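1. sequence first, then the predicted structure, then my questions.
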Amino acid sequence: MKKIYLIFVILCAILYSCDMQGDNMRIGPTQGAAGSMARFALAQGHLYVVKSTMLSVYKIQGSGALEFVNEAVIGFGIETIFTRGNTLFIGANDAVYIYDISQPDIPVQLAAYRHLIACDPVVVQGNYAYATLRIADCRTTGEDVLEIIDVSDLRNPSLAARVPMESPYGLGVDGDKLFICEGNKGLKVFNLSDPVSPVLKQTYPEMHAWDVIPYQGILIMTGNDGIAQYDYRPADTLIFLSKIKVQK
């Protein structure tokens, strides 16, 4: 899995248009697309990196080099980070934290949406955040669910709906499509015509799905045997395009 994760990070970096020159990391655009289980994000000309308890902030210089500018303690079990405009959504074992980055050097916490202890990647579209809560590897009892969180008021997020899942991992959303990975149980695709009432449209149990990036009609999915690309623009189907296989 470490090899697959490394390649997935590289693909994220490609979407960010990053390149390495000499001893410095050089980064092109200031906004990018990453998977829901990513631990870094680009926004407002800055790189934001989450660790187990911390959020670190780096400014992207004109040369492309990274300058450390700030660090903040968030909580415990910090796992993932997702950006939307001037807002960071940070997934942790016990909460989804919401930070304002209108001043990019100084992230300000707006709210913490608390939930039961679970593994918690999160993505956001419009007025709703979608977080998968997985019990395996996080606690011994409980239930696996998708929580849909109303974030129309960033200072007062609230639960809008809960949908039972089976060991969910990463997820991605684009328009009226919500992709949820369930590890050995495959990939599920939901219709989001109603953003708080996902309707299951497709199930792919033959796939091993760990995380996804839906980007301009192309789904990049990582699993235990590599990274695959699918075209999700046709209605109610995924069209296989290519795969990078990784030996275990």
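-> Right, received. Where do you want to start? Numbers count the residues shown, from 1 in each chain.
2. can you give me the helices for this structure?
-> All helices of the chain, identified by DSSP state H, fall at 2-16.
3. can you list the low-confidence ranges for this structure?
-> 1-35, 136-142, 247-248 (pLDDT under 70).
4. spit out the contact partners of the closest residue to residue 169 other than its chain neighbours.
-> Spatially, and ignoring its direct neighbours in sequence, residue 169 is nearest to residue 181 (4.4 Å; C-beta to C-beta, 6 or more residues apart in numbering). Bear in mind the C-beta positions are built from the backbone N, C-alpha and C, glycine included. Contacts of residue 181 were listed using C-beta atoms under 8 Å, 6 or more residues apart in numbering, and they are 168-171, 187, 209-212, 221.
5. let's see it at 7 Å
-> 168-171, 187, 209-212 (C-beta atoms under 7 Å, 6 or more residues apart in numbering).
6. who's in contact with stretch 70-83?
-> Contact partners of stretch 70-83, identified using C-beta under 7 Å, 6+ apart, comprise 36-41, 43, 48, 50-57, 88-95, 97, 105-107, 119-124.
7. and the contacts of residue 181, which of them are in strands?
-> Cross-referencing these against strands under DSSP state E gives 171, 187, 211-212.
8. residue 237: which of the residues you listed is nearest?
-> When those are compared for distance to residue 237 (C-beta to C-beta), residue 187 wins out at 12.5 Å.
9. who are the contact partners of that closest one?
-> Contacts of residue 187 (C-beta under 7 Å, 6+ apart): 179, 181, 204, 207, 209, 221.
10. partners of the last one in the sheet?
-> Looking back up the chat, that one is residue 221. residue 212, residue 228 (DSSP bridges).
11. so what's residue 205 closest to, chain neighbours aside?
-> residue 186 is the one closest to residue 205 (C-beta to C-beta, 6+ apart), at 4.0 Å.
12. same question for residue 133.
-> residue 118 is the one closest to residue 133 (C-beta to C-beta, 6+ apart), at 3.7 Å.
13. having no further points to raise, I will conclude here.
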